[in-house]
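Colleague: pasting a predicted model and its sequence here:
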Amino acid sequence: MNMLTLRIFYRYRVPRGGEGLKRIGAVILPGALPALAAGVEPGTTAWMLVSTALVLLMTPALAFFYGGLVGQKNVLNTMAMSFAAAAAGGVAWALLGYSLAYGDGSAWVGGLDYAFLNGFLNQGKLAVSDGMPALLDLAFQGTFAIITAALVSGSVVGRMRFSAWLLFSTLWILFVYAPLAHWVWGDGLLSGALDFAGGTVVHINAAVAGVVAALVLGPRRNFGRVAFLPHNIPFVLLGAGLLWFGWFGFNAGSAYGANETAALAFVNTFLAPAAAALVWIFLDYGSSGKATAVGVATGIVVGLVAITPAAGYVGPLGALWIGALTAPLSHLFIRYRPRLGLDDALDVFGAHGLGGIAGALLTGVFASAAWGGTPGLLEGHAAQLWTQLKAVLYALLYSALGTALLLFFTRLFLPLRVGKNDELVGLDAVLHGEEAYPVTEGAILVAEEGGRR
Amino acid sequence: MKLIVAIVRPEKLNDVLEALFKAEVRGLTISRVLGHGGGTERVETYRGTTVKMGLYEKVKLEIGVSDAFVEPTIRAILESARTGEVGDGKIFVLPVEKVVRIRTGEEDEAAVTPVPSEPG
């Protein structure tokens, strides 16, 4: 047996004494395979490991989606905002955010039992919960927190200072996202609401925060006078595709197991965006006579948002309906939004706010006892719709208030906006000292001096 | 008849176009150009490679005008393209020997006088 085979034996646990390997002539070393810790289910753990990686991919995917939608002078800044949410938000989540969301606390906020990465060991071994090492939940939920903060950036691109964004997005994950996650998923205030994977906690929350941030910062210079057009639509499509891929982890991973609920959520995540994008194509034909590629990408995202709260609660036909019914709302709003004078630059509210609200309410309509265990309006349980509406309103209010307060707090230390002329030159060159598409002719190497502007 | 060539900052282009429109100057050609006019250098860093960007992106406008429009055009560009910083650009006024409108064969003054464009 060579070294490679030996290492494979140590790294992979083989159930039932490795009958399969014996059959292909391999030798099993008795006692070499550590037993699973009590309560750890390999299927669950494997799926949650994969799901965590899938959801993490959504943040870079969003960076491409947003990056393509902005002008070429702001693409790096836009993409860096998402990546920065992953960096700063990831650290803040591990040290404090997870505990505020999922620690034992009051109905309003979690306690500090997981703060500073405590609480994941039990008598010197990895603690186990939900059939997997509890530590894995920190990462799985952390990927949700950072994508939510990254979503907010779409409303303020093209004018917000990067340093202010770093501080604001970190605080926002700790004091807006974490408490709201606790309300819905941490046995808090809204635990009766059906929010399978985060329609309220992630999408409504991010969209309302985006609108508030856009209002506090004010519109981009020349908003309403010049058109702000996407600079790279293939990036937008790439981002939408990767978001769809990652969303399988977001929704089916929220089943917390490799089981039939995960399969249902997975299929619904496949169907709702398809229906929404198809309806979007027809709406494009109807409104402008031409189906746009940006429209297809937007339709996919809207469908994904809408199915998020419903994924494990509705049947596949319900998923098709939810996607198809949500698309017209967002389509209409996105068409008329610029006339409201609201510079929600990348339509976070149109896509994620309306998609989230419609999804949350339609979950109460299409929830099916046979498919997901809870009946909705169509099965005669009207009270669920009321519970859904209450959750939406609580999230709207809390997110708006918390976001405004954190922005005013951030402004005490850092100016929120870049200077007027910097905005015209573009944030990539001014804030980051680099350009997405640099003109390399005439660039002169500098020996060892600093890069300060 | 003169040909006015103006080099301006790309971020000022919208303001310049708006000012020209208000001055009723119609008909112009625009190109993106690279140039250097002694402005302060911008330093950028790419993975430890620090470079001075020696050439700047600018926008060049070329506008053929009748003599009466030379001063209004210059004034519109001056007022809209100026930031006061080094690198605001230049305006060159060149004599023009002959202008021909291709569609009609009209020459000189008639060729640079805009006609009301048809809707659509």
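Modeller: Perfect, I can see it now.

Colleague: residues in contact with the strand ranked longest in chain B?
Modeller: The longest strand of chain B (DSSP state E) is strand B:56-65. Strand B:56-65 has contacts (Cβ atoms under 8 Å, 6 or more residues apart in numbering or on different chains) with A:439, B:1-10, B:13, B:16, B:20, B:25, B:27-37, B:39, B:42, B:73, B:77, B:87, B:89, B:96, B:99, B:112. No exception for glycine: its C-beta is placed from N, CA and C like everyone else's.

Colleague: ditto for stretch B:22-38
Modeller: Contacts with stretch B:22-38, where a contact means Cβ under 8 Å, 6+ apart, come from A:439, A:441-442, B:7, B:10, B:13, B:20, B:54-65, B:69, B:72-73, B:75-76, B:86-87, B:89-90, B:112, B:114.

Colleague: so which residue is dead centre in the chain?
Modeller: Here I'm looking at chain A. residue A:147 (3.5 Å; Cα atoms, centre = their mean).

Colleague: correction: the question concerned chain B.
Modeller: residue B:61 (2.4 Å).

Colleague: not counting sequence-adjacent ones, nearest residue to that residue?
Modeller: Take residue B:61 and drop its neighbours on the chain: the residue closest to it by Cβ to Cβ, 6 or more residues apart in numbering or on different chains is residue B:6, 4.6 Å away.

Colleague: quick check: phi and psi at the one you found.
Modeller: Backbone geometry at residue B:6, expressed as degrees, to the nearest 10, gives phi -120, psi 140.

Colleague: ok, the residue nearest to the centre of chain A to residue A:240 distance?
Modeller: According to Cβ to Cβ, to the nearest Å, residue A:147 and residue A:240 sit 14 Å apart.

Colleague: can you list the residues of chain B near chain A?
Modeller: Those residues of chain B that sit near chain A, judged by Cβ under 8 Å from any Cβ of the partner chain, are B:11-12, B:14, B:18, B:34, B:36, B:42-46, B:49-55, B:57, B:83.

Colleague: run the last query once more with 6 Å
Modeller: Applying Cβ under 6 Å from any Cβ of the partner chain, we find that chain B lies next to chain A at B:11, B:14, B:43, B:44, B:45, B:50, B:51, B:52, B:53, B:54, B:55.

Colleague: number of residues surrounding whichever residue of the stretch 201-350 of chain A sits closest to chain B?
Modeller: Closest approach of the stretch 201-350 of chain A to chain B (Cβ to the nearest Cβ) occurs at residue A:226, with a separation of 5.2 Å. Residue A:226 has 14 neighbours, counted by other Cβ atoms under 10 Å in any protein chain shown.

Colleague: and for residue A:444?
Modeller: For residue A:444, the count of nearby residues is 12 (other Cβ under 10 Å).

Colleague: isn't it right next to residue B:53, touching?
Modeller: No - checked against Cβ atoms under 6 Å, the pair residue A:444 and residue B:53 is beyond contact range at 8.2 Å.

Colleague: longest helix in chain B, please.
Modeller: Ranked by number of residues, the top helix in chain B under DSSP state H is helix B:70-81.

Colleague: residues contacting it, please?
Modeller: Residues from elsewhere that reach helix B:70-81, judged by Cβ atoms under 6 Å, 6 or more residues apart in numbering or on different chains: B:2, B:4, B:6, B:8, B:12, B:15-16, B:19-20, B:23, B:25, B:65, B:91.

Colleague: quick check: which element contains residue A:270?
Modeller: With elements taken from DSSP states H and E, the one containing residue A:270 is helix A:260-288.

Colleague: any idea of the pLDDT on residue 36?
Modeller: Assuming you mean chain A. Per-residue pLDDT puts residue A:36 at 76.

Colleague: actually chain B
Modeller: Note on residue B:36: pLDDT of 82.

Colleague: since we're on it, how many residues are nearby?
Modeller: Neighbours of residue B:36 under the rule other Cβ under 10 Å: 13.

Colleague: what of the one 5 residues further on?
Modeller: Using other Cβ under 10 Å, the number of residues around residue B:41 comes to 14.

Colleague: was I right about it contacting residue B:52?
Modeller: Yes - with contact defined as Cβ under 6 Å, residue B:41 counts as touching residue B:52 (4.4 Å).

Colleague: is it true that residue A:211 touches residue A:349?
Modeller: Yes - using Cβ under 6 Å, residue A:211 is in contact with residue A:349, at 5.0 Å.

Colleague: quick one on the thing from earlier: give the rounded mean pLDDT of the helix holding residue A:270.
Modeller: pLDDT averaged over helix A:260-288 gives 97.

Colleague: ditto for stretch A:89-104
Modeller: On average, the pLDDT along stretch A:89-104 is 96.

Colleague: what lies in contact with that stretch?
Modeller: Contacts for stretch A:89-104 (Cβ under 6 Å, 6+ apart): A:109-116, A:138, A:142, A:145-146, A:149, A:170, A:173-174, A:178, A:181-182, A:186.

Colleague: drop anything exposed from the residues you listed.
Modeller: By neighbour count, with 16 or more other Cβ atoms under 10 Å in any protein chain shown, these hold A:109-111, A:114-115, A:138, A:142, A:145-146, A:149, A:170, A:173-174, A:178, A:181-182, A:186 as buried.

Colleague: show me which residues of the stretch 101-250 of chain A sit near chain B.
Modeller: residue A:226.

Colleague: residue boundaries of the helices in the stretch 101-250 of chain A?
Modeller: A:134-153, A:162-172, A:178-185, A:205-217, A:233-252 (DSSP state H, counting those that start in this stretch).

Colleague: packing partners for the third one?
Modeller: It refers to helix A:178-185. Secondary-structure packing of helix A:178-185 (3 or more Cβ pairs under 6 Å, 6 or more residues apart in numbering or on different chains; DSSP states H and E): helix A:98-102.

Colleague: the last one now?
Modeller: Using 3+ Cβ pairs under 6 Å, 6+ apart as the contact definition, the elements that helix A:233-252 packs against are helix A:42-69, helix A:260-288, helix A:293-307.
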